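>>> have a look; sequence and predicted model below, questions after that.
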Amino acid sequence: MDVIDAIDARRAVKHFDPDHRLSAAEERRLLEITIQAPSSFNIQHWRFVILRDPALRARIRRDYGNDQAQITDASLLVLFTADLKAWSKQPERYWANAPQPVSDLLVGWMGPFHEGREWLQRDEAQRSIGLAMQTLMLAATGLGYQSCPMIGFEIEKLADLIHLPEDHVMGPMVAIGKGTQDPLPKPGQLPLEELVFENGF
């Protein structure tokens with residue numbers, strides 16, 4: 001599918017065929033495409049938790065997920081998290097294939113840019129999550145699947161359930177699968193005139 005068509009076609013689908021399964025090759029392909037998303041300094045903060053166990057999914061849906069059917073019914077359920085300190089963990093590996101002067105410059109800049117700026121570390125991690133999520137959803141659309149981004153769950157309790165490391169942050173989940181109902185009509189986009197400004201506000 002053309003990328004413009006995929007952007008236009010992507011919708012948040014709430015009802016999935018619970019009997020459908022992605023093949024291992026399809027799942028791997030989706031994740032391989034997802035990690036092509038951009039990230040600040042190429043840090044690739046994202047860490048994907050594949051919520052696969054049916055009993056775990058049922059518990060999340062019942063106890064923490066507001067009984068949202070897509071938690072149990074989607075073929076693939078990915079919880080997006082990010083490593084807030086990825087910038088400090090062997091940063092040279094993010095630029096291993098770059099020319100040495102480029103690698104030296106960016107790796108050397110990474111520490112001073114992030115150090116002591118916890119708000120920035122969190123912002124950059126969440127931005128990376130967002131870019132990866134959109135990449136996954138567009139890739140799913142391109143491969144003929146439907147998706148649903150989800151933040152309507154008890155974040156802190158789910159973090160405890162998956163043993164989220166202290167230096168990581170939670171993001172949304174994305175459900176992927178075969179939709180069983182057409183999505184509702186688009187609720188409406190704000191006009192560009194309300195959103196776009198020339199050279200400032």
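Good, I have the coordinates. Numbers count the residues shown, from 1 in each chain.
>>> now for the helix or strand harbouring residue 28, which elements pack on it?
Here residue 28, judged by DSSP states H and E, is contained in helix 24-34. With contacts defined as 3 or more CB pairs under 8 Å, 6 or more residues apart in numbering; DSSP states H and E, helix 24-34 has these neighbours: helix 118-142. The way it works is simple: take the backbone N, C-alpha and C, and place the C-beta from them, glycine included.
>>> ok, residue 37 - contacts?
The neighbours of residue 37, taking CB atoms under 8 Å, 6 or more residues apart in numbering as the test, are 46, 128, 131, 132, 134, 135.
>>> what separation is there between the second one and residue 63?
Counting by CB to CB, to the nearest Å, the gap from residue 128 to residue 63 is 29 Å.
>>> give me the more crowded residue out of these two.
A count of neighbours by other CB atoms under 10 Å puts residue 128 above the other of residue 128 and residue 63, at 25 against 14.
>>> per-residue pLDDT, the more buried one?
Note on residue 128: pLDDT of 96.
>>> same check, this time on residue 146
With respect to pLDDT, residue 146 scores 96.
>>> surely residue 140 and residue 149 touch.
No - Residue 140 is beyond contact range of residue 149, at 11.1 Å (criterion: CB atoms under 8 Å).
>>> what's the neighbour count on residue 43?
For residue 43, the count of nearby residues is 22 (other CB under 10 Å).
>>> check contacts around the residue nearest to it when sequence neighbours are not counted.
If the residues on either side of it in the chain are set aside, residue 43 comes closest to residue 86, at 4.9 Å by CB to CB, 6 or more residues apart in numbering. Contact analysis of residue 86 by CB under 8 Å, 6+ apart lists 43, 44, 45, 125.
>>> relative to residue 114, how far out is the third one?
Plainly put, residue 45 is 11 Å away from residue 114 if you go by CB to CB.
>>> which residues are common contacts for those two?
With CB under 8 Å, 6+ apart as the test, residue 45 and residue 114 both reach residue 124.
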